[in-house]
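[1] just a sequence and a predicted model for now, questions to come.
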Amino acid sequence: MNKAQRDMIFSQATKWIYEAGEQIRKQIHNPLTIDTKSNANDLVTEMDRSTEAFLANNIKSTFTDHFILSEEGYGDQLDSMNGIVWIIDPIDGTMNFVHQKRNFAISIGIFNNGIGEIGLIYNVMEDVLYSAKRGEGAYKNNKKLPQLHHDILFQEAIVSMNHFWLCENRLVDEKWMQKLVKDVRGSRTYGSAALEFAFVAEGIIDSYLTLSLSPWDYAAGMVIINEVGGVTTTIDGDPLDMLSKTSVASGNPCIQEKIIANYIKKARK
Ligand code: 2AM
Ligand code: CA
């Protein structure tokens, strides 16, 4: 993808993400129909569906040869990352959307033959857009984000992770993860993977660790974090498979390396 093509797609995607966010803000206090998906705490609302439909319809009518990989069923069934693929989560942090009416984001990652070209994460209620184009840096609204510092002390790091790491689970021995939480300066749980990636890119947290995410939760975040010198891998340090659910470790390379070597590798079942 050349720069002109990337710029043109970026400006369309940005326009649609702002429009979608505006619609959500207008309706934020309307009564919600809440359904559940994989379990009683895996929520979906009419707003998730209508936002995804809005984005998918615009993409399909403007870019007839592009593909969509998305959470709520308006996308394509893909078995490869060939071509231009929009990876979309219309509302990332649906539980926050339902319970808090804030702390959720629209997430769009745009890939060309498997290479992340564009990342957009829109914190809807704060009207803050994190964005990146490959090779051109990352932005918070119009402000360019600096490269992540490489001299952060481990004991001064803030790590974002959820409770699944610290309860009995089939992937890691939670005792090592409890040690990690004690060894770093602080831990946080925001409940929106997209926002957690954005906060890593902004340098206000140093690492984000999760046992299971879908491509639409991490696609945009990966592109944005790359642009500030961060890394995104599985919790074993391997590259991510963009077409399936996976564990994810993302963050400042100097912190990530230590977390994987000194904690996760030892905790791994
Ligand atoms: P969602 O709100 O779009 O469902 C919460 O810790 C984060 O994990 C959110 O980004 C949430 O995305 C995501 N998430 C929630 N349930 C999930 C599941 N069953 N599989 C993968 N990701 C999930
Ligand atoms: Ca979602």
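    That came through fine. Ligands and ions are numbered 1, 2, ... in the order given.

[2] contacts and neighbour counts: CA atoms only from here.
    Will do.

[3] mean confidence for the helix or strand containing residue 257?
    Following DSSP states H and E, one finds residue 257 within helix 253-259. Mean pLDDT, helix 253-259: 96.

[4] and if you look at stretch 200-209?
    Averaging pLDDT along stretch 200-209 yields 98.

[5] same question for stretch 175-187.
    In this model, stretch 175-187 has an average pLDDT of 96.

[6] cool, and stretch 136-150?
    Looking at stretch 136-150 alone, the average pLDDT works out to 97.

[7] show me what counts as buried in it.
    Buried residues in stretch 136-150, counting neighbours by 16 or more other Cα atoms under 10 Å, are found at 137-140, 144-145, 147-148.

[8] roughly how far is the helix holding residue 257 from the heart of the chain?
    19 Å (Cα atoms, centre = their mean, to the nearest Å).

[9] re the thing from before, nearest to ligand 2 among the buried residues of stretch 136-150?
    Closest approach to ligand 2 among these (Cα to the ion): residue 140, at 21.6 Å.

[10] identify the residues contacting that closest one.
    128-131, 202 (Cα atoms under 8 Å, 6 or more residues apart in numbering).

[11] ok, now residue 187?
    By Cα under 8 Å, 6+ apart, the residues touching residue 187 are 158-161, 181.

[12] got the phi/psi numbers for it?
    Residue 187 has phi and psi values of phi -130, psi 150 when expressed as degrees, to the nearest 10.

[13] ok, residue 117 touching residue 137?
    No: with contacts defined as Cα atoms under 8 Å, residue 117 does not count as touching residue 137, sitting 11.3 Å away.

[14] ok, back up a step: list the helices and strands the helix holding residue 257 packs on?
    Contacts defined by 3 or more Cα pairs under 8 Å, 6 or more residues apart in numbering; DSSP states H and E place helix 253-259 against no helix or strand at all.

[15] and the closest residue to residue 144 other than its chain neighbours, bridged to which residues?
    If the residues on either side of it in the chain are set aside, residue 144 comes closest to residue 138, at 5.9 Å by Cα to Cα, 6 or more residues apart in numbering. The partner list for residue 138 in beta bridges (DSSP bridges) reads residue 132.

[16] verify the contact between residue 138 and residue 120 for me.
    No: if you go by Cα under 8 Å, residue 138 and residue 120 don't touch, sitting 9.7 Å apart.

[17] who touches both of these two?
    Shared contacts of residue 138 and residue 120 (Cα under 8 Å, 6+ apart): 130-132, 224.

[18] residues touching residue 49, list them.
    By Cα under 8 Å, 6+ apart, residue 49 lies in contact with 72, 90.

[19] switch to 10 Å and redo it
    The contact partners of residue 49, by Cα atoms under 10 Å, 6 or more residues apart in numbering, come to 71-74, 90-91.

[20] which of those residues are buried?
    Taking 16+ other Cα under 10 Å as the criterion, what is buried in the contacts of residue 49 is 71-72, 74, 90-91.
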